[in-house]
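K.L.:
I'll drop the sequence and a predicted model, then ask my questions.
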Amino acid sequence: MNSAPPLSRPLRKAVLPVAGFGTRVLPATKAIPKEMLPVFDRPAIQYVVDEALDAGIEHIVFVTGRNKGAIEDYFDRAYELEVTLRDKGKTAQLKEIEAPIRPAGSMSFVRQQAALGLGHAVWCARDIVGDEPFAVMLPDMLMMAQPSCLAQMANAYAKTGGNIIAVEPTDTPELYGVITPESRDGRMIKMKGMVEKPKREQAPSNLFISGRYILQPEIFDLLASQAPGAGGEIQLTDAMARLMQTQSFHALEYEGVTYDCGDKLGYLRANAAFALANAEYGARAAATLRDELTKRS
Ligand code: G1P
């Protein structure tokens with residue numbers, strides 16, 4: 001590790017890759033984007049956008065694809081619905097549907113035309129991100145944390161600059177990107193390397209890359225020339241492993257819990273967890289879940 005980039009250029013933008021087909025949650029995702037599936041009372045994507053805003057992100061870049069139009073619509077006005085709710089005096093619901101709308105010009109949408117991998121999806125955002133550091137947030141992964149996962153990373157970034165990825169222990173490293181730690185200072189881990197979806201017995205640690213990244217823009221040139229890796233896809237992990245040769249790279253074992261909504265049971269768990277954590281419904285959600293389990297035992 002040598003020449004680190006200028007320390008802590010401000011972090012303003014987040015890239016959310018939302019082009020995936022959601023094959024592990026079919027048939028639910030046959031006709032609607034998986035990011036729009038509800039986790040308790042709102043679409044999964046709303047939690048990720050809220051996390052970004054909590055970390056001070058000003059501009060969100062969605063890397064989208066065909067059949068993902070519902071995501072754009074969700075963050076836009078819904079005039080007919082608004083007028084109807086207003087006419088009926090349903091002000092609470094009106095507030096709820098207006099909440100996702102951000103200031104004009106603070107969201108961009110760019111299409112990934114072919115499913116070539118996460119690295120390629122991030123590369124599709126290069127022109128919109130430009131020459132500044134940015135966050136990547138994988139919307140399959142919902143983080144329950146206070147402050148939010150990305151806010152914890154942004155705090156760490158303000159001190160160390162460079163590149164930072166969130167990690168967490170796992171029993172199934174073969175499903176994820178996994179880091180090789182070098183040394184540790186509290187929750188900050190200096191890294192020696194990382195590998196995408198290692199064979200279980202070859203995993204360099206049990207710390208998996210949990211889907212939140214703060215990256216320097218130099219990653220884009222590396223992604224442009226990145227050969228396909230695991231699964232025949234252009235992997236972000238492979239480009240990061242190369243960037244690590246020239247820039248400072250840390251992993252942060254953040255304080256909180258990650259819910260992997262990538263499959264059906266993960267979705268179920270996230271639904272239960274976010275319902276239970278809901279300020280208004282939590283207690284009733286617990287009673288409802290308990291009741292359902294009792295009935296079946
Ligand atoms: C992607 C990343 C992987 C990371 C994972 C987290 O994999 O490539 O490094 O650990 O997200 O969800 P995917 O889930 O797209 O296979």
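P.N.:
Cool, the structure landed. Residues are numbered from 1 along each chain as shown.
K.L.:
CA atoms only: put stretch 89-108 into CSV for me.
P.N.:
Presented in CSV, the C-alpha positions along stretch 89-108 are these (Å, rounded to 0.1, in the frame of the first residue of the first chain):
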residue,chain,number,x,y,z
GLY,A,89,-58.6,14.4,3.4
LYS,A,90,-56.3,11.4,3.9
THR,A,91,-53.4,13.6,4.9
ALA,A,92,-51.3,10.8,6.7
GLN,A,93,-51.3,8.7,3.6
LEU,A,94,-50.6,11.7,1.4
LYS,A,95,-47.5,12.4,3.5
GLU,A,96,-46.4,8.8,3.2
ILE,A,97,-46.5,8.8,-0.6
GLU,A,98,-44.7,12.2,-0.8
ALA,A,99,-41.9,11.2,1.6
PRO,A,100,-39.7,9.4,-1.0
ILE,A,101,-39.6,12.4,-3.3
ARG,A,102,-36.2,14.1,-3.3
PRO,A,103,-35.3,17.6,-4.6
ALA,A,104,-35.4,17.8,-8.4
GLY,A,105,-32.1,16.7,-10.0
SER,A,106,-30.9,14.7,-7.0
MET,A,107,-31.5,11.3,-8.5
SER,A,108,-30.1,9.9,-11.8
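K.L.:
List the buried residues in it.
P.N.:
94, 100, 107-108 (16 or more other C-beta atoms under 10 Å). (Glycine included, C-beta is placed from N, CA and C.)
K.L.:
Next, check the residues you listed against the helices and list the overlap.
P.N.:
Cross-referencing the buried residues of stretch 89-108 with the helices (criterion: DSSP state H) gives Leu94 as the overlap.
K.L.:
which ones among the buried residues of stretch 89-108 are found in strands?
P.N.:
Among those, the members falling in strands are 107-108 (criterion: DSSP state E).
K.L.:
In the beta-sheet assignment, what are the partners of the residue of the chain found nearest the ligand?
P.N.:
Checking the chain residue by residue against the ligand with C-beta to the nearest ligand atom singles out Gly177 as nearest, at 2.4 Å. Beta bridges link Gly177 to Glu196 when assigned by DSSP bridges.
K.L.:
show me what contacts it?
P.N.:
Contact analysis of Gly177 by C-beta atoms under 8 Å, 6 or more residues apart in numbering lists 194-197, 208-209, 235-237.
K.L.:
Any chance of those residues in TSV with distance to Thr258 as columns?
P.N.:
Putting the contacts of Gly177 into TSV (distance: C-beta to C-beta, whole Å) gives the following:
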residue	distance to Thr258
Met194	17
Val195	19
Glu196	18
Lys197	17
Phe208	9
Ile209	11
Gln235	20
Leu236	17
Thr237	17
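K.L.:
Scan these and report the most crowded one.
P.N.:
Taking other C-beta atoms under 10 Å to define a neighbour, the member of these with the most is Leu236, carrying 30 neighbours.
K.L.:
Quick check: that residue touching Leu116?
P.N.:
No: contact status for Leu236 versus Leu116: not in contact, 11.7 Å apart, counting by C-beta atoms under 8 Å.
K.L.:
for Met194, helix, strand, or coil?
P.N.:
Under the three-state scheme (DSSP: H, G, I helix; E, B strand; the rest coil), the conformation of Met194 reads as strand.
K.L.:
got the contact list for it?
P.N.:
Remark: with contacts taken as C-beta under 8 Å, 6+ apart, Met194 is in contact with 177-180, 204, 209, 237, 240-241, 244.
K.L.:
Which of those residues fall within helices?
P.N.:
Secondary structure from DSSP H places 237, 240-241 of the contacts of Met194 in helices.
K.L.:
Distance to the ligand and pLDDT added to these, as TSV?
P.N.:
Listed next are the ones in helices among the contacts of Met194 as TSV, based on distance: C-beta to the nearest ligand atom, whole Å; pLDDT from 0 to 100:
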residue	distance to the ligand	pLDDT
Thr237	5	96
Met240	9	97
Ala241	11	95
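K.L.:
and Gln216, how far is that from Ser248?
P.N.:
Relative to Ser248, Gln216 is positioned 9 Å away (C-beta to C-beta, to the nearest Å).
K.L.:
tell me, how many neighbours does the closest residue to Gly119 other than its chain neighbours end up with?
P.N.:
Counting by C-beta to C-beta, 6 or more residues apart in numbering, Gly119 lies nearest to Ile234, which is 3.8 Å off, once chain neighbours are set aside. Neighbours of Ile234 under the rule other C-beta under 10 Å: 22.
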